[in-house]
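**Student:** Sequence first, then the predicted structure:
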Amino acid sequence: MSIQSEARGPPSGSRGPYWFGLFWPAPSVSWQMAFFVAPLCLLVAITFWKVANFQLSADFTTANWVSMYSAGYFWDAFLYTLFLAAVTTVLISIIAFPCAYALAFKVSPATRRLGVFFLLTPFFTSFIVRVYSWQVILSNDGILNSGFGAVGLGPFNMLNNSFSTIVGFFTLAFPLVILLHLLSLSNVDRSIIEAAHNLRCGRVMTVFLIIVPAARVGLTLAACFAFLLSFGEYLSPSLLGGSRPPTLSVLLVDTVKSGNHWPKASVIAITMIVTLTLILFAAVKFAYHKSPGADRD
Amino acid sequence: MIDRLINGLFRVYILLAILFILMPILTLVVFSFNINRHPRLPWSEFSFIWYEAMWNDPAMQSGFVNSLIVAACVAVIATFIGFCTAYLDYRFRFRGKIAILAIFFMPPTIPIVILGMVFLVYLAKIGLFGELYSVVIGHVAYCAPFAMALVRMRLAQMDENLEAAAWNLGASEWTTIREIIIPFTRPAIIAALFLTMAVSFDEYMIAWFVSGLNETLPARILAVLQGQVTPQINAVGSVVFVISISLVLVAQFVLLVRRPQGSR
């Protein structure tokens, strides 16, 4: 690999290898090779290995792929995961947008900063603990239901179903999506909004005809993140959703932890990665495709 | 009139969204001080018993110490790698850079349940499974991109002529790193240390898969949640929350307070 310093490099008269230039890629490349790329390669290789007498041995068999892909429960989990992630993505996008819109256009800069602070807070605080907290809030003798009970309602069954799973996904992705929406809305040129108003485009029409198209790239990327996060999430479907029906992540963990069958688990993992890659690739293509007049950089 | 009504409605909407986001955290803290075994309304009586129970639980103690050790190691290694990669991106142009950066930023985009499994299989295969350093190995690739992003943003604020001036005055490239680049990026480096520490301290899935018997605190919490839950978890969660929010606040504080000094 030949590493060139940019034009503004120092005057150099020395011969021999350019040690300074070779140093900087070394940490990341060596670490990523040893502890990221190699593990991923092993993951692919292991799908062709076989398990006999609880022992894993190198082989070249397609048995794991065949047995996984011909299992009905695998496709059930696959479709359920896709369904949950898609519903979550749509709901989060719809619910987050007015919030980001209000933060971007309807409040003072000070309020906006405070809002952003509250949106950032959960980002780096224990997700597992927040999921547990939802369990406490949603359970049958939990906080919401004891509140409902006090006014003579319920109890409502809010735990161990798709609803609670989606609440978990929201906990993970909702703040991030609002932030991304806010970011893309603040990049929208204010003058085109004023122009629309001057041309007597109504408030609601302006949002849908001017603002949403102008912010399309950012909105789509936010939706991608929502999908990515909820597609592979494990705690919500297992601790809030009760693992029934299982999502791919639940199936993966069960196959590793109880089934102890790593090759089959690897098949699930690779299927998840490939699915995500395809869907995100399509979404990004959609975002940048014939984006009307929004061709920045 | 109608404008005011609409603005008011938007404010209520923002408040509701933030309430949804903060609700689990608030619930957790409030009920960690509740004496009742079952967290429900009405709130019964103020007490520290769950904190005492946590304090006296040996599994929680060792989990806490393990988490701190892992987080500290991860912070140092991930920040070092992140710093090198940020400077690489800032200073050099070469074929394959895009590929290196793409792979570098990949780990956080892969579902952590898959990362956990990938590291379990790999580390078990090469005989590095079940120790604290296994968790460190699993966390570094995941955390380094955060450190890289912080340092890279700081480098983007730097006047390019600073480096050139140092070279013209006879400083070698290494000296320039020591005397110009590191002092200039110090706030970002410190912030990256705290942020990667926070990310590692909260990470549960990779830790759960690869730590074996040397559980970190989040791995311990996950194990408890899958078995017999006691309100002690509320207390543990509150403590974990306070620690990670402090780390993040320190990171933000360092970045914001030190910024005016360097930028022109």
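**Tutor:** That came in fine, so what should we check first? Only a predicted model underlies this, so the values are computations on that prediction, with no experimental measurement involved.
**Student:** what does the stretch 51-200 of chain A put close to chain B?
**Tutor:** A:95-96, A:98-99, A:101-103, A:106-107, A:115, A:118-122, A:124-134, A:136-137, A:141-143, A:146-147, A:150, A:170-171, A:174-175, A:178 (Cβ under 8 Å from any Cβ of the partner chain). Any C-beta I mention is one placed from the backbone N, CA and C, and that applies to glycine too.
**Student:** give me that answer again for 6 Å
**Tutor:** Proximity of the stretch 51-200 of chain A to chain B (Cβ under 6 Å from any Cβ of the partner chain) is limited to residues A:98-99, A:102, A:106, A:118, A:122, A:124-126, A:128-130, A:132-134, A:136-137, A:141, A:143, A:146-147, A:175.
**Student:** Now list the buried members of those residues.
**Tutor:** Buried members of these, counted by 16 or more other Cβ atoms under 10 Å in any protein chain shown: A:98-99, A:102, A:106, A:118, A:122, A:124-126, A:128-130, A:132-134, A:136-137, A:143, A:146, A:175.
**Student:** Counting only helices, which of those make the cut?
**Tutor:** Among these, the ones falling in helices (DSSP state H) are A:98-99, A:118, A:128-130, A:132-134, A:136-137, A:143, A:146, A:175.
**Student:** and these, which two are the farthest apart?
**Tutor:** A:Pro98 and A:Ser146 (30.7 Å; Cβ to Cβ).
**Student:** Tell me where the chain is predicted with low confidence.
**Tutor:** This is for chain A. A:1-15, A:124, A:290-297 (pLDDT under 70).
**Student:** wait, chain B
**Tutor:** Ranges of chain B meeting pLDDT under 70: B:39-42, B:258-264.
**Student:** And the helices in it?
**Tutor:** B:2-32, B:49-55, B:58-91, B:97-104, B:112-125, B:132-156, B:160-168, B:173-176, B:182-202, B:205-210, B:217-225, B:232-262.
**Student:** orientation of the longest one relative to helix B:182-202 in degrees?
**Tutor:** Regarding helix B:58-91 and helix B:182-202, their directions subtend 140 degrees when assessed with axes from the mean of the first three to the mean of the last three Cα atoms, to 10 degrees.
**Student:** buried residues in stretch A:231-247?
**Tutor:** Here stretch A:231-247 shows A:231-241, A:243, A:245-247 as buried, counting by 16+ other Cβ under 10 Å.
**Student:** just curious, which of these is nearest to chain B?
**Tutor:** A:Gly232 (2.2 Å; Cβ to the nearest Cβ).
**Student:** Apart from its chain neighbours, what residue comes closest to that closest one?
**Tutor:** B:Pro111 (2.2 Å; Cβ to Cβ, 6 or more residues apart in numbering or on different chains).
**Student:** Surely the one you found and A:Ser230 touch.
**Tutor:** No: B:Pro111 is beyond contact range of A:Ser230, at 9.8 Å (criterion: Cβ atoms under 6 Å).
**Student:** which one of those two has more residues nearby?
**Tutor:** A:Ser230 (28 against 23; other Cβ atoms under 10 Å in any protein chain shown).
**Student:** count of residues packed around residue 249?
**Tutor:** Since you didn't name a chain, this refers to chain A. Neighbour count of A:Ser249, defined by other Cβ under 10 Å: 28.
**Student:** that's the wrong chain, I wanted chain B
**Tutor:** Around B:Leu249 there are 15 residues (other Cβ under 10 Å).
**Student:** ok, it to B:Phe241 distance?
**Tutor:** To B:Phe241, B:Leu249 is 12 Å away according to Cβ to Cβ, to the nearest Å.
**Student:** of all the helices of chain B, which lies closest to A:Ala77?
**Tutor:** That would be helix B:112-125 among those, by Cβ to Cβ, at 13.1 Å.
**Student:** got the buried residues for the closest one?
**Tutor:** For helix B:112-125, by 16+ other Cβ under 10 Å, it's B:112-124.
**Student:** Let me have those in CSV, extended by distance to chain A.
**Tutor:** Shown next, in CSV, are these (distance: Cβ to the nearest Cβ, whole Å):
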residue, distance to chain A
B:Ile112, 7
B:Val113, 4
B:Ile114, 5
B:Leu115, 9
B:Gly116, 8
B:Met117, 6
B:Val118, 5
B:Phe119, 6
B:Leu120, 7
B:Val121, 5
B:Tyr122, 4
B:Leu123, 8
B:Ala124, 9
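**Student:** now the strands for chain A?
**Tutor:** For chain A, strands defined by DSSP state E occupy the ranges A:4-5, A:50-52, A:55-57.
**Student:** Turn those into a markdown table, columns for mean neighbour count.
**Tutor:** Output for these, formatted as a markdown table (neighbours: other Cβ atoms under 10 Å in any protein chain shown):
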| stretch | mean neighbour count |
| --- | --- |
| strand A:4-5 | 14 |
| strand A:50-52 | 13 |
| strand A:55-57 | 11 |
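**Student:** Relative to A:Phe83, tell me which of the ones you listed wins on proximity.
**Tutor:** strand A:50-52 (30.8 Å).
**Student:** next one: that closest one to chain centre, how far?
**Tutor:** Averaged C-alpha coordinates place strand A:50-52 at 33 Å from its chain's average position (Cα atoms, centre = their mean, to the nearest Å).
**Student:** residues contacting B:Thr27?
**Tutor:** By Cβ atoms under 6 Å, 6 or more residues apart in numbering or on different chains, the contact list for B:Thr27 reads A:133, A:137.
**Student:** again, only using 7 Å
**Tutor:** Taking Cβ atoms under 7 Å, 6 or more residues apart in numbering or on different chains, we find B:Thr27 in contact with A:133, A:136-137, A:143.
**Student:** and of the buried residues of stretch A:231-247, the nearest to A:Ile279?
**Tutor:** For those, with A:Ile279 as the reference and Cβ to Cβ as the criterion, the closest is A:Phe231, at 8.2 Å.
**Student:** so the closest one touches A:Val274, yeah?
**Tutor:** No: with contacts counted by Cβ atoms under 7 Å, A:Phe231 stays clear of A:Val274, the gap being 12.0 Å.
**Student:** Other residues contacting stretch A:232-240?
**Tutor:** With Cβ under 7 Å, 6+ apart, stretch A:232-240 has contacts from A:127-128, A:131-132, A:134-135, A:159, A:164-165, A:167-169, A:172, A:243, A:247, A:249-250, A:253, A:272, B:111, B:113-114, B:205, B:225.
**Student:** How far off centre is it?
**Tutor:** Distance, centroid of stretch A:232-240 to centroid of chain: 13 Å (Cα atoms, centre = their mean).
**Student:** go on, stretch B:53-72?
**Tutor:** 17 Å.
**Student:** Need the contact partners of that stretch.
**Tutor:** Counting by Cβ under 7 Å, 6+ apart, residues outside stretch B:53-72 touching it are B:132, B:135-136, B:139, B:197, B:200-201, B:214-217, B:220, B:232, B:235-236.
**Student:** One more: stretch A:38-46?
**Tutor:** Contacts for stretch A:38-46 (Cβ under 7 Å, 6+ apart): A:262-263, A:266, A:269-270, B:118-119, B:121-122, B:125.
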